[in-house]
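1. What would the 3D arrangement of this be:
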Amino acid sequence: MSEEKWLHDEPKSWHDVNRALQDISILMEYLAALPEGRLLSYFTDTQNQVSSASPKITLPPCANYPDFLNRLAEINSAFQSGTAPPLAAAAMDGRPVLSAIGFIYWSRDFLAAAAAPATADSIRLTHDYVVRRARFSDRWRRWYDALRGKDKEPKPVPRLPIDVDETTRKLLARRLAVRVRNYEWITMAVVVLTVGVSIYALSGRLILGREKFAQDAFAAIDAQIQAQEDKIFPSAQLPMDGKPVMPVVSLCSFIQHHPVLTATGVASGNDVKVADLSGATVGPASATDHGAAKPAADEQTFYVSALQAHLCPARDKVLQSLFVATMHLQSWSSLVTQGFSGGFHLGFGSYSTHVPDLLAPLFGVVNSTLSDYATENNGAICSVAAPGMVSERPDAAECRRVLLRLINRSRNVSESILGSITQYILPVLYGFLGSMAAAMRLLRRKIDASLLSFTDRSRLQQGAILGVLCGGVIGLFANYVGNAEPAGGLGLSALALLAGYNVDGVFRFLDEFSERVFRPVQPTKPG
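-> The predicted model follows:
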């Protein structure tokens with residue numbers, strides 16, 4: 001380079017002026033895109049033509065907007081050509097005449113203050129981030145062009161020197177764009193998982209509620225039947241002489257069934273089924289045959305009292321409802337305690353999949369423990385625990401299946417599964433979703449305002465971690481902040497969502513709670 005070119009003999013000043021001109025160009029482009037005319041409100045010749053409510057926090061290097069633009073254009077052109085810029089004319093408002101370098105520095109400081117809170121670095125990073133996000137959708141076309149060997153278009157040679165921070169900035173923008181895209185996909189996957197777990201927990205809560213309602217209804221109606229049985233069958237008087245007689249049977253077993261003919265024919269008076277006090281059935285006699293085909297017969301039930309006619313059918317319905325609810329509850333809990341298997345078809349073959357029992361040990365159902373119990377005394381424990389559910393000599397495999405079936409029918413297992421889901425699993429998931437919602441909204445606002453920074457990449461990851469942490473904290477403080485009952489603990493999920501969305505509020509709550517718990521005891525003054 002020639003020695004007579006402007007600032008080439010001063011490398012430090014040359015690079016500083018180059019960076020300042022680039023910052024000015026970025027800030028001017030940003031301010032020009034703002035709809036409120038913020039830049040024009042600082043100059044005396046244009047501030048009366050725009051309305052700006054923002055306070056003036058800086059002064060421009062010259063009073064008139066045209067003079068400001070012309071002076072910047074002269075200095076920029078001179079810097080690119082390497083010639084010294086012409087001297088500025090004396091300012092009409094009495095300000096001192098600035099040198100070219102002084103005008104550049106003042107202009108940069110003025111534009112930085114006018115564009116605040118955005119800076120030249122945040123504007124550059126936001127622009128590079130938007131470009132990288134836009135290129136994700138164009139990646140397949142660029143790969144296809146690379147495979148075809150299509151030559152890339154030559155990049156235009158910039159007249160200004162390349163920014164030394166451009167490579168690092170674009171690398172960070174690319175990494176930020178990749179992380180944001182990955183967290184978006186992770187959030188979508190967690191949303192699907194959360195919806196599935198929420199549906200599973202909600203169905204479990206409804207099933208448990210229905211099963212509890214059926215148990216209470218059965219206990220109530222069984223108490224009424226027992227009261228009637230106590231009236232019919234008085235208690236035995238002690239002491240007894242001779243062999244005791246105990247003719248007590250269930251009230252609903254003391255009924256009569258009469259065959260009712262629905263076609264041609266007459267029922268015989270002896271065709272009666274009677275359940276006596278001992279439970280034995282008397283009859284029926286042979287039906288009368290009139291030479292025609294035997295008609296289809298149906299049975300009609302008769303009761304000994306009107307109260308029995310109402311209680312016994314109601315008891316049968318409640319018992320059926322209780323059986324369905326218990327079976328439904330067993331089917332619900334078996335998804336966790338037994339896992340599931342299935343298959344899928346891809347068009348050229350069928351494949352079967354099996355999900356191993358990985359979650360069952362977390363809820364206290366350990367297959368190895370059941371196997372140990374089943375192998376003791378060759379399955380004799382099942383003959384004692386469930387005599388009506390196994391054969392006379394059950395083997396270890398049969399005994400293990402019976403023990404697992406008993407566990408699945410237990411309400412305790414279902415309550416432990418539902419309680420774990422509602423107090424820990426769902427709050428953690430909703431805490432993560434709340435933190436991601438807050439992070440995505442904050443990122444969107446920063447992009448719109450060109451306020452992205454290099455630390456946003458780690459802030460996104462830390463937000464996800466703190467969201468999961470806050471969801472776990474809500475589970476720990478379940479008794480303090482909400483209902484911890486398995487049947488009504490789904491409200492913790494909503495609270496966890498708010499906790500993940502407002503992490504700062506959770507930590508303020510923890511600070512206040514810690515201050516109350518660990519508040520130092522003030523020494524009392526001696527009286």
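2. Look up how far residue 315 lies from the residue lying closest to residue 305 once chain neighbours are set aside.
-> What sits nearest to residue 305 in space, not counting adjacent residues and going by C-beta to C-beta, 6 or more residues apart in numbering, is residue 228, at 7.9 Å. C-betas here are computed from N, CA, C, even on glycine. Computed with C-beta to C-beta, to the nearest Å, the distance linking residue 228 and residue 315 is 11 Å.
3. cool, residue 108 as well?
-> 89 Å.
4. same question, residue 227
-> Taking C-beta to C-beta, one finds residue 227 at 13 Å from residue 315.
5. same thing with residue 233?
-> Taking C-beta to C-beta, one finds residue 233 at 18 Å from residue 315.
6. what about the helices in the stretch 151-300 of the chain?
-> 166-232 (DSSP state H, counting those that start in this stretch).
7. which regions of it lie under the pLDDT threshold?
-> Applying pLDDT under 70 to the stretch 151-300 of the chain flags residues 151-164, 236, 240, 242, 244-247, 257-299.
8. ok so, going back, give me the number of neighbouring residues for the residue nearest to residue 305.
-> Neighbours of residue 228 under the rule other C-beta atoms under 10 Å: 16.
9. Please apply the same query to the one 4 residues further on.
-> By the measure other C-beta under 10 Å, the count of residues near residue 232 is 14.
10. One more: residue 329?
-> Residue 329 is flanked by 21 other residues according to other C-beta under 10 Å.
11. Go ahead and confirm it touches residue 211.
-> Yes: under the criterion of C-beta atoms under 8 Å, residue 329 makes contact with residue 211 at 5.3 Å.
12. First-to-last residue distance for stretch 111-123?
-> Terminal residues of stretch 111-123 lie 13 Å apart, using C-alpha to C-alpha, to the nearest Å.
13. what are the ranges of the strands in the protein?
-> For the chain, applying DSSP state E gives strands covering 256-261, 273-275, 281-282, 297-302, 341-345, 350-354.
14. Buried residues of stretch 455-473, list them for me.
-> 456-457, 460, 463-464, 466-473 (16 or more other C-beta atoms under 10 Å).
15. and if you look at stretch 503-518?
-> So for stretch 503-518, counting by 16+ other C-beta under 10 Å, buried means 503, 506, 509.
16. Closest one of the residues you listed to residue 388?
-> residue 506 (53.1 Å; C-beta to C-beta).
17. Go ahead and confirm that closest one touches residue 495.
-> No: counting by C-beta under 8 Å, residue 506 does not reach residue 495; the two are 10.0 Å apart.
18. What's the local residue count around the residue nearest to residue 85 when sequence neighbours are not counted?
-> Using C-beta to C-beta, 6+ apart and skipping residues adjacent in sequence, the residue nearest residue 85 is residue 78, 3.8 Å away. Residues lying near residue 78 (other C-beta under 10 Å) number 16.
19. Contact partners for residue 78?
-> 6, 84-86, 100 (C-beta atoms under 8 Å, 6 or more residues apart in numbering).
20. One more: residue 237?
-> Applying C-beta under 8 Å, 6+ apart, no residues contact residue 237.
21. Distance check, it against residue 229.
-> 18 Å.
22. just residue 372 next, same as before
-> From residue 372 to residue 229 the distance is 44 Å (C-beta to C-beta).
23. Give me the more crowded residue out of these two.
-> A count of neighbours by other C-beta under 10 Å puts residue 229 above the other of residue 372 and residue 229, at 15 against 12.
24. excluding its backbone neighbours, what's nearest the more buried one?
-> residue 251 (4.9 Å).
25. what does residue 131 give?
-> Nearest one to residue 131, counting by C-beta to C-beta, 6+ apart, is residue 173 at 7.6 Å.
26. wait, doesn't that neighbour sit right on residue 123?
-> No: distance between residue 173 and residue 123: 11.8 Å, which falls outside the contact criterion (C-beta under 8 Å).
27. Neighbour count: the two, which is higher?
-> The neighbour comparison of residue 173 against residue 123 (other C-beta under 10 Å) goes to residue 173, with 23 against 20.
28. tell me the pLDDT at residue 35?
-> The per-residue pLDDT reported for residue 35 equals 76.
29. Would you report the backbone torsion angles of it?
-> Dihedral pair for residue 35: phi -80, psi -20, per degrees, to the nearest 10.
30. returning to what we had before: residue 8 versus the residue nearest to residue 305, what's the distance?
-> 113 Å.
31. ditto for residue 420
-> Applying C-beta to C-beta, the value for residue 420 to residue 8 is 72 Å.
32. do the same with residue 213
-> Counting by C-beta to C-beta, the gap from residue 213 to residue 8 is 90 Å.
33. again, but for residue 323
-> Distance from residue 323 to residue 8, by C-beta to C-beta: 95 Å.
34. My guess is residue 124 contacts residue 27. True?
-> No: Residue 124 lies out of contact with residue 27 (C-beta under 8 Å); the separation is 10.5 Å.
35. Common neighbours of those two, please.
-> With C-beta under 8 Å, 6+ apart, residue 124 and residue 27 have no common neighbours.
36. before we move on, back to that, between residue 227 and residue 315, point out the one with more neighbours.
-> Neighbours per residue, other C-beta under 10 Å: of residue 227 and residue 315, the larger number sits with residue 315, 19 against 12.
37. where does that one land on pLDDT?
-> pLDDT, residue 315: 88.
38. What sits closest to it if chain neighbours are left out?
-> Residue 315 sits nearest to residue 221 (C-beta to C-beta, 6+ apart), 5.1 Å away.
39. burial of that neighbour, as a residue count?
-> 19.
40. right, and it touches residue 311 too?
-> Yes: using C-beta under 8 Å, residue 221 is in contact with residue 311, at 6.4 Å.
41. got the contact list for the residue nearest to residue 315?
-> Per C-beta under 8 Å, 6+ apart, neighbours of residue 221: 311, 314-315, 318.
42. same question, residue 174
-> Going by C-beta under 8 Å, 6+ apart, residue 174 touches 128, 132.
43. hmm, 10 Å instead?
-> 128-129, 131-133, 135 (C-beta atoms under 10 Å, 6 or more residues apart in numbering).
44. Just send those residues back as JSON lines, with distance to residue 514 too.
-> Supplementary listing: these in JSON lines, determined by distance: C-beta to C-beta, whole Å:
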{"residue": "128", "distance to residue 514": "42"}
{"residue": "129", "distance to residue 514": "38"}
{"residue": "131", "distance to residue 514": "46"}
{"residue": "132", "distance to residue 514": "42"}
{"residue": "133", "distance to residue 514": "41"}
{"residue": "135", "distance to residue 514": "47"}
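45. Buried subset of those as a PyMOL selection?
-> Of the contacts of residue 174, the buried ones can be selected in PyMOL as follows, counting by 16+ other C-beta under 10 Å:
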select buried, resi 128+129+132+133
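46. Flag the shaky bits of the stretch 1-150 of the chain, pLDDT-wise.
-> 1-4, 49-55, 88-96, 136-150.
47. for it, what spans make up the helices?
-> Under DSSP H, counting those that start in this stretch, the stretch 1-150 of the chain gives helices at 11-33, 65-81, 100-115, 120-136, 139-148.
48. now those as JSON lines including distance to residue 388?
-> Below are the helices of the stretch 1-150 of the chain laid out as JSON lines (distance: least, C-beta to C-beta, whole Å):
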{"stretch": "helix 11-33", "distance to residue 388": "81"}
{"stretch": "helix 65-81", "distance to residue 388": "96"}
{"stretch": "helix 100-115", "distance to residue 388": "82"}
{"stretch": "helix 120-136", "distance to residue 388": "64"}
{"stretch": "helix 139-148", "distance to residue 388": "64"}
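49. so which of those comes closest to residue 386?
-> Between residue 386 and the helices of the stretch 1-150 of the chain, the shortest separation by C-beta to C-beta is 59.5 Å, and it involves helix 120-136.
50. quick one: the closest one to chain centroid distance?
-> How far helix 120-136 lies from its chain's middle: 30 Å, per C-alpha atoms, centre = their mean, to the nearest Å.
51. and that helix, what does it pack onto?
-> Counting contacts by 3 or more C-beta pairs under 10 Å, 6 or more residues apart in numbering; DSSP states H and E, helix 120-136 packs against helix 11-33, helix 100-115, helix 166-232, helix 426-448, helix 456-476.
52. Appreciated, that's everything.
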